[in-house]
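Asker: Need coordinates for the following:
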Amino acid sequence: MITVQNISKSFGKNGQQKALTDIHISVNKGELFGLIGPDGAGKTTLFRILTTLILADQGSAEVAGLDVVKDYKMLRKKLGYMPGRFSLYQDLSVAENLAFYASIFNTTIEANYHLIQDIYVQLEPFKDRRAGALSGGMKQKLALCCALIHKPEVLFLDEPTTGVDVVSRKEFWEMLGRLKMEGITIFVSTPYMDEASLCDRIALIQNGHILSENTPAELVSAFKSDLFGVKADKMNDARKSLLDLENVDDVYAFGEFLHVKSNKGTVHQKEIFDHLKSSGFEDIEVLKIDATIEDCFMDLMHS
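Answerer: Model (predicted):
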């Protein structure tokens, strides 16, 4: 449903600021696909290229069988796009925003109400309230309704839960699961690694490069054996000490843990513990932890 080949994009004078470099991505029909990465990684730039808003410097892309450059007019009718920034008309009411988006695509709210019903019933009591006066979670729900009202074949969601409370985030992803059952292909970007596990497949992006593309389970499995957590007060000194171990390739901080990476061989929990104890770190707690999506992402970033 989405094919990206050799896409690159730069900004600034003489293209000095590289946003994307040689991007390759393939998203299957009916798939919930996640683009995972921190702010500034290139997620929004890629979304704007795929939704025909900006042109790539090189490479090609197709969405729903249509070229994003040559067939942009036809393609826009098949897309639903929820940008990261506030996409609603703040001075229009909830009902007026939805009616406006429906009219743009020559449809009506009634025609595709079944797609938004589960979401809109939560908004209906506030249908006369201005969009600018809604809470963050309610704004995102309304924006999703507006992106769905013409029943798109592909739905692009650029960081849809950023700045939204935890409960609303959970509800939002439950909605995406129901939309997937309707046969809609969903391409969602997020900086939240816990949301990655809810996708069918994910691509990790950093500094405009795709680092890895796989299912969340396979990504976790690939890195599980290489990650350990070491809680210590003197993080810097503990890191330097662990680098002396024979099979250790790198040690880096993640939150309150030090993660030990080893590709040369197995570094056992007891070996880490004994080494730190013998090096004078008496106030440590060594934990063997299962890799989370965040761990894997951090590990890839430091590879």
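Asker: so after the helix or strand hosting Ala102, what's the next helix or strand?
Answerer: In the assignment (DSSP states H and E), Ala102 maps to helix 94-104. Scanning forward in sequence from helix 94-104 by DSSP H and E, the next helix or strand is helix 113-123.
Asker: quick check: mean pLDDT across that next one?
Answerer: Average pLDDT, helix 113-123: 85.
Asker: List of residues touching stretch 132-140?
Answerer: Applying C-beta atoms under 8 Å, 6 or more residues apart in numbering, the set of residues contacting stretch 132-140 from outside is 82, 86, 88, 90-91, 94, 122-123, 126, 131, 142, 160-161, 163-165, 167-168, 171-172. In short, each C-beta sits where N, CA and C put it, glycine included.
Asker: To what extent is the closest residue to Cys146 other than its chain neighbours buried, counted in neighbours?
Answerer: With C-beta to C-beta, 6 or more residues apart in numbering as the criterion, Cys146 has its nearest non-adjacent residue at 4.0 Å, and that residue is Tyr101. Neighbour count for Tyr101, taken as other C-beta atoms under 10 Å: 23.
Asker: give me every residue that touches Tyr101.
Answerer: Applying C-beta under 8 Å, 6+ apart, we find Tyr101 in contact with 146-147, 149-150.
Asker: For Phe11, which non-adjacent residue is spatially closest?
Answerer: Nearest to Phe11 is Gln17, by C-beta to C-beta, 6+ apart, at 4.6 Å.
Asker: ok, the one you found touching Gly42?
Answerer: No: at 10.9 Å, Gln17 and Gly42 do not qualify as touching, with contact defined as C-beta atoms under 8 Å.
Asker: Have a look at those two and say which one is more surrounded.
Answerer: The neighbour count for Gln17 versus Gly42, taken as other C-beta under 10 Å, is higher for Gly42 (23 against 11).
Asker: In contact with that one, which residues?
Answerer: Shown in contact with Gly42 (C-beta under 8 Å, 6+ apart): 9, 19-20, 23, 205, 207-208.
Asker: now swap in Glu31 and tell me
Answerer: For Glu31, the contacting residues are 1, 180, 185-186, 200-201, by C-beta under 8 Å, 6+ apart.
Asker: could you flag which of those are buried?
Answerer: For those, a burial check counting by 16 or more other C-beta atoms under 10 Å picks out 1, 180, 185-186, 201.
Asker: And those, which is closest to Val154?
Answerer: Proximity of the buried ones among the contacts of Glu31 to Val154, judged by C-beta to C-beta, is greatest for Thr185, which lies at 4.7 Å.
Asker: For the longest helix belonging to the chain, name the packing helices and strands.
Answerer: Among the segments of the chain that qualify as a helix by DSSP state H, the longest is helix 166-181. On a contact count with 3 or more C-beta pairs under 8 Å, 6 or more residues apart in numbering; DSSP states H and E, helix 166-181 meets strand 32-36, helix 113-123, helix 136-148, strand 185-190.
Asker: Check which residues of the helix or strand containing Lys9 are buried.
Answerer: Secondary-structure element containing Lys9, defined by DSSP H and E: strand 2-11. Residues of strand 2-11 classed as buried: 2, 4, 7-10 (neighbour count, 16+ other C-beta under 10 Å).
Asker: Give me the angle between the helix or strand that contains Val220 and strand 32-36.
Answerer: Assigned by DSSP H and E, Val220 belongs to helix 216-223. Relative orientation of helix 216-223 versus strand 32-36 (axes from the mean of the first three to the mean of the last three C-alpha atoms, to 10 degrees): 40 degrees.
Asker: From the chain's centroid, how far away is helix 216-223?
Answerer: 17 Å (C-alpha atoms, centre = their mean, to the nearest Å).
Asker: returning to that earlier point: listing partners with orientation, what would you give for the strand holding Lys9?
Answerer: Using DSSP bridges, strand 2-11 pairs in its sheet with strand 17-27 (antiparallel), strand 58-63 (antiparallel).
Asker: Just put these in a markdown table and tack on distance to Arg239 and mean pLDDT.
Answerer: Shown next, in a markdown table, are the strands paired with strand 2-11 (distance: least, C-beta to C-beta, whole Å; pLDDT from 0 to 100):
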| stretch | distance to Arg239 | mean pLDDT |
| --- | --- | --- |
| strand 17-27 | 30 | 94 |
| strand 58-63 | 39 | 96 |
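Asker: re earlier: of the contacts of Gly42, which qualify as buried by neighbour count?
Answerer: Looks like these have 9, 19-20, 23, 205, 208 buried, using 16+ other C-beta under 10 Å.
Asker: would TSV of those residues with distance to Leu35 be doable?
Answerer: What follows is the buried ones among the contacts of Gly42, written out as TSV (distance: C-beta to C-beta, whole Å):
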residue	distance to Leu35
Lys9	15
Ala19	14
Leu20	11
Ile23	10
Ile205	6
Gly208	12
